[in-house]
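S.K.: Using only what follows, build the 3D model:
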Amino acid sequence: MERTYDVGAAKYAAKKLLKTFKKNDLDNPRLVDYLSTILTFAEDGCIPKLKARTQRVINYLLTRQGIFEDVLDAVRRIEEQISKANEKRRVMEVRHNASCHYYRNRLTDSDYAECPAKLNVYDVVKVPTMGGMHFSIISEINDEFVTCFPMTTTSRKDLGLIGTKSVSLSGCGDDRYEGIRLSASATRVALQDAIRSYIGSVADNPQICERLAKVVSFA
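M.R.: Numbering: from 1, shown residues only. From the prediction side, this is the model:
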């Protein structure tokens, strides 16, 4: 199984990396772990600037060619960039908590008569996700829960900053999905709650179904 790291792990590694560089402790064996974590995070999140800066630091350690102060500045920028990403994650968690509260109140007021008898894969529900309430496509259903993936207008770059992969739904043959991305940040919702949150279905759009399968493979 491939190793992946979330923004929390990357932040920890970046802080340790900066601390080690400030001490000029360039022979510290933990540097390899710190840089590996950050590089993997940058690659998974498709964050080219972070990847390039990290690779620059790695090259310096391998060759010792260049000016130390310049590389130290690159390390500082790495730490700043990941700290900003971590703050974005924190904000999204706050939004998630708020949306959960709103969701519980909405379910209390919902009309059971408008709910379908059951749900199917590719149905769309509006549920609380990381970042707030989002229309989400169901990928799996069991007796108690459904697993779904949110649709969002957040850019690939911003999703990458928090270590989340995504797939564009643009060009799927339906103008409603232009500029929309399907995030790999899966959400689990109680089955009965999901039934009461039903919006529609994308089962008749094979391109969206294929892109959902791709996102599922990321999760």
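S.K.: what's around the closest residue to Ala190 other than its chain neighbours, how many residues?
M.R.: Excluding the flanking residues, the one nearest Ala190 by Cβ to Cβ, 6 or more residues apart in numbering is Phe145, at 6.1 Å. Where C-beta positions appear, they are placed from N, C-alpha and C, glycine not excepted. Neighbours of Phe145 under the rule other Cβ atoms under 10 Å: 16.
S.K.: cool, Thr20 as well?
M.R.: Using other Cβ under 10 Å, the number of residues around Thr20 comes to 17.
S.K.: Assign a three-state SS to it, would you?
M.R.: helix (DSSP: H, G, I helix; E, B strand; the rest coil).
S.K.: Surely it is in contact with Leu31?
M.R.: Yes - in this structure Thr20 lies within contact range of Leu31 using Cβ atoms under 8 Å: 6.0 Å.
S.K.: What strand or helix carries the spatially most central residue of the chain?
M.R.: Nearest residue to the geometric centre of the chain (Cα atoms, centre = their mean): Thr164, 2.0 Å. According to DSSP states H and E, Thr164 maps onto no helix or strand at all.
S.K.: Check Cys172 too.
M.R.: Under the assignment given by DSSP H and E, Cys172 is not contained in any helix or strand.
S.K.: can you tell me which helix in the chain is longest?
M.R.: helix 68-109 (DSSP state H).
S.K.: Name the residues of the helix or strand just after that one that are buried.
M.R.: Next in sequence after helix 68-109, counting helices and strands by DSSP H and E, comes strand 123-129. Using 16 or more other Cβ atoms under 10 Å as the test for burial, strand 123-129 gives 123-129.
S.K.: average pLDDT for the very next helix or strand once past strand 123-129?
M.R.: Once strand 123-129 ends, the next helix or strand along the chain (criterion: DSSP H and E) is strand 132-141. The average pLDDT within strand 132-141 is 93.
S.K.: Name the surrounding residues that touch strand 132-141.
M.R.: 92, 95-96, 98-99, 102-103, 119-127, 129, 146-152, 182, 186-187, 191, 194, 199, 202, 208, 212, 215-216 (Cβ atoms under 8 Å, 6 or more residues apart in numbering).
S.K.: which helices and strands sit right next to the longest helix of the chain?
M.R.: Judged by 3 or more Cβ pairs under 8 Å, 6 or more residues apart in numbering; DSSP states H and E, the packing partners of helix 68-109 are helix 7-22, helix 31-44, helix 48-63, strand 123-129, strand 132-141, helix 156-161.
S.K.: Buried deepest among these, which one?
M.R.: Ranked by mean neighbour count, the helices and strands packed on helix 68-109 are led by strand 123-129 with a mean of 22 (mean count of other Cβ atoms under 10 Å).
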